[in-house]
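# here's a sequence, model it:
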Amino acid sequence: MAKRLKSVATAAELASVVGGVLGFPAHAERAVALGEVHARPYPLVDTPRLLIQLAFMTEGGSTVDHAVLAELSRSIGIAPPARDARHHVMPWGNGTLRWERHTEFSTYLWEGPMPRSGAGAQHPFGHGFNPPGTVIDGVRLEIVKKDANALAMISEFDPASLCYSDVEGGLASIVTDFRQDRDGLTRILILDNGLSPARAGALSQRVIEIETYRTLAMLGLPLAHSLSPRIRRIEDRLAGLTNEMRDATSDSHKLLDELTSLAAELEADAASSLYRFGASRAYNGIVLERLAALQEEPVTGYETWGAFIQRRMAPAMRTCRSVSERQESLSEKLSRAATLLRTSVDVELERQNRDLLTSMNHRAQLQLRLQRTVEGLSVAAISYYVVGLFYYLAKGAETYIPDLHSTVLTAIFVPVAIIAMWFVVKSIRKSHADD
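I've put the predicted structure just below:
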């Protein structure tokens with residue numbers, strides 16, 4: 001009855017979120033924003049209890065997860081989750097299976113009773129389970145009462161990497177060696193010294209997330225190792241190119257082409273690693289937050305989780321950050337070198353343009369002189385033809401006027417014709433200049 005009342009209250013609360021506030025219409029995304037706070041509630045965990053979580057990289061998208069959950073749901077006769085769901089809880093055996101979808105991975109957490117001696121746990125991860133992707137992390141968490149038998153279980157861990165500390169104000173202890181068992185799972189032990197089911201569920205989720213996000217944060221390290229020699233090669237070649245730029249006889253165009261090729265290669269590597277390095281920083285931040293929330297109290301003779309993880313993760317994160325910073329710094333250096341070369345090429349082009357303009361100006365002056373020479377010759381030629389026509393005209397008039405001497409008249413007309421033709425040519429040239 002209490003569970004039913006709780007479900008009714010939840011439905012009424014959801015209806016009020018969707019419908020509005022005091023009768024006013026609600027924002028379309030209000031229900032999602034408010035519901036996210038309750039999307040990942042801590043499971044209520046009794047002691048003793050066993051939790052097994054597998055994290056899968058979901059390159060295939062959410063459709064693959066939905067297919068897996070639909071198959072599991074059909075096998076036990078229940079309805080599958082909605083296709084746009086990001087969380088789902090379903091019963092499995094004598095326990096509960098919780099699924100959650102993240103940005104690039106999804107988690108399947110089975111929580112059930114501790115198996116009896118000689119019996120296996122009834123988790124769903126058997127031979128009939130179809131994984132949605134490759135496994136990135138697996139955790140086996142055991143919660144037992146803190147007594148003499150439980151303390152004896154600590155000897156089963158590797159003492160070389162054993163981490164053991166008190167948490168929750170002494171109400172619990174967490175133990176792990178961060179090594180994988182024969183099933184490939186990282187074994188974690190919680191010793192319950194008076195935890196409530198709610199605090200036990202919160203603590204179990206917190207330590208599982210530390211292991212999961214720790215693994216995901218370390219994915220940036222192999223990429224950083226693969227990019228480091230390539231960055232070193234580009235740095236060395238950039239140093240060689242800058243030395244060649246100092247030589248006045250070097251081919252600036254060839255150097256600029258090589259610089260552009262190096263910049264393109266670097267930008268391609270930076271673009272491919274941008275998400276991975278950013279995700280590693282984000283996952284590392286989550287790990288640090290979860291470790292701080294544990295509020296560990298060291299146990300004499302043992303190392304705490306925070307000290308162990310920080311000592312091993314901090315160098316890896318610094319390596320990723322160093323490679324990312326080297327990419328940014330090298331990109332700026334390549335940009336400055338390319339700018340210098342472009343300036344040199346532009347100066348060379350301006351020098352060539354200046355020489356070309358000088359040559360064109362010289363040719364224009366020669367052309368102008370030639371044009372004036374041709375104009376002078378054209379005045380003489382046209383005047384010659386005009387004088388010839390005038391001579392024929394005077395010669396014909398001499399027949400009717402005997403006293404008219406055509407030769408004398410022609411000689412007198414020659415300077416008049418030349419001056420007239422000169423003015424005509426000048427007028428034509430002036431009209432062309434005005435156009």
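
# need the helices for the chain, in chain order.
Ranges of helices within the chain are 2-19, 30-35, 62-76, 148-152, 197-217, 220-245, 252-294, 305-400, 406-434, based on DSSP state H.

# so which of the ones you listed is the most packed in?
For these, the largest average neighbour count (mean count of other C-beta atoms under 10 Å) is found in helix 197-217, namely a mean of 21. Where C-beta positions appear, they are placed from N, C-alpha and C, glycine not excepted.

# that one to helix 252-294, inter-axis angle?
160 degrees (axes from the mean of the first three to the mean of the last three C-alpha atoms, to 10 degrees).

# put the alpha carbons of helix 197-217 into PDB.
Only the C-alpha atoms of helix 197-217 are listed here, as PDB (Å, rounded to 0.1, in the frame of the first residue of the first chain):
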ATOM      1  CA  PRO A 197      20.600   1.100   3.400                       C
ATOM      2  CA  ALA A 198      20.500   4.600   1.900                       C
ATOM      3  CA  ARG A 199      24.100   5.500   3.000                       C
ATOM      4  CA  ALA A 200      25.300   2.100   1.900                       C
ATOM      5  CA  GLY A 201      23.700   2.600  -1.600                       C
ATOM      6  CA  ALA A 202      25.300   6.100  -1.900                       C
ATOM      7  CA  LEU A 203      28.700   4.800  -0.800                       C
ATOM      8  CA  SER A 204      28.600   1.900  -3.200                       C
ATOM      9  CA  GLN A 205      27.600   4.100  -6.100                       C
ATOM     10  CA  ARG A 206      30.400   6.500  -5.300                       C
ATOM     11  CA  VAL A 207      33.200   4.000  -5.100                       C
ATOM     12  CA  ILE A 208      32.000   2.300  -8.300                       C
ATOM     13  CA  GLU A 209      32.000   5.700 -10.100                       C
ATOM     14  CA  ILE A 210      35.600   6.300  -8.900                       C
ATOM     15  CA  GLU A 211      36.800   3.100 -10.600                       C
ATOM     16  CA  THR A 212      34.700   3.700 -13.800                       C
ATOM     17  CA  TYR A 213      35.700   7.300 -14.300                       C
ATOM     18  CA  ARG A 214      39.300   6.600 -13.300                       C
ATOM     19  CA  THR A 215      39.500   4.100 -16.200                       C
ATOM     20  CA  LEU A 216      37.900   6.500 -18.700                       C
ATOM     21  CA  ALA A 217      40.200   9.300 -17.700                       C
END
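
# quick check: angle from that helix to helix 305-400?
Using the same axes, to 10 degrees: helix 197-217 against helix 305-400 is 50 degrees.

# show me what helix 197-217 is packed up against.
Judged by 3 or more C-beta pairs under 8 Å, 6 or more residues apart in numbering; DSSP states H and E, helix 197-217 is in contact with strand 49-57, strand 105-112, strand 134-145, strand 172-180, strand 186-192, helix 252-294, helix 305-400.

# go with 10 Å
Helix 197-217 sits against strand 49-57, strand 105-112, strand 134-145, strand 163-167, strand 172-180, strand 186-192, helix 252-294, helix 305-400, with contacts defined as 3 or more C-beta pairs under 10 Å, 6 or more residues apart in numbering; DSSP states H and E.

# how far does the fourth one sit from the chain's center?
Going back to what we said before, that points to strand 163-167. 39 Å (C-alpha atoms, centre = their mean, to the nearest Å).

# ok, and what's touching that strand?
Outside strand 163-167, the residues within contact range by C-beta atoms under 10 Å, 6 or more residues apart in numbering are 146, 154, 157, 172-178, 188-191, 193, 195, 199, 203, 206-207, 293-309.

# dump the helices and strands packed on helix 197-217 into a markdown table; add distance to R233 and mean pLDDT as well.
Below are the helices and strands packed on helix 197-217 laid out as a markdown table (distance: least, C-beta to C-beta, whole Å; pLDDT from 0 to 100):
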| stretch | distance to R233 | mean pLDDT |
| --- | --- | --- |
| strand 49-57 | 30 | 93 |
| strand 105-112 | 33 | 93 |
| strand 134-145 | 31 | 94 |
| strand 163-167 | 40 | 94 |
| strand 172-180 | 35 | 94 |
| strand 186-192 | 37 | 94 |
| helix 252-294 | 9 | 91 |
| helix 305-400 | 11 | 85 |
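
# quick one: which of the ones you listed is nearest S427?
helix 305-400 (12.0 Å; C-beta to C-beta).

# show the contacting residues for D177.
Contacts for D177 (C-beta under 10 Å, 6+ apart) come out as 154, 156-164, 186-189, 308.

# same deal with I78?
I78 is in contact with 72, 90-91, counting by C-beta under 10 Å, 6+ apart.

# how far away is the spatially most central residue of the chain from E104?
Central residue of the chain (C-alpha atoms, centre = their mean): L274, 4.3 Å from the mean position. Here the criterion is C-beta to C-beta, to the nearest Å. By it, L274 lies 14 Å from E104.

# swap in L72?
22 Å.

# same question for L288.
Counting by C-beta to C-beta, the gap from L288 to E104 is 20 Å.

# same question, I428
From I428 to E104 the distance is 82 Å (C-beta to C-beta).

# surely E59 touches P132?
Yes: with contacts counted by C-beta atoms under 10 Å, E59 reaches P132, the gap being 9.4 Å.

# so what sits against both of the two?
Listed as contacting both E59 and P132 by C-beta under 10 Å, 6+ apart are F105.
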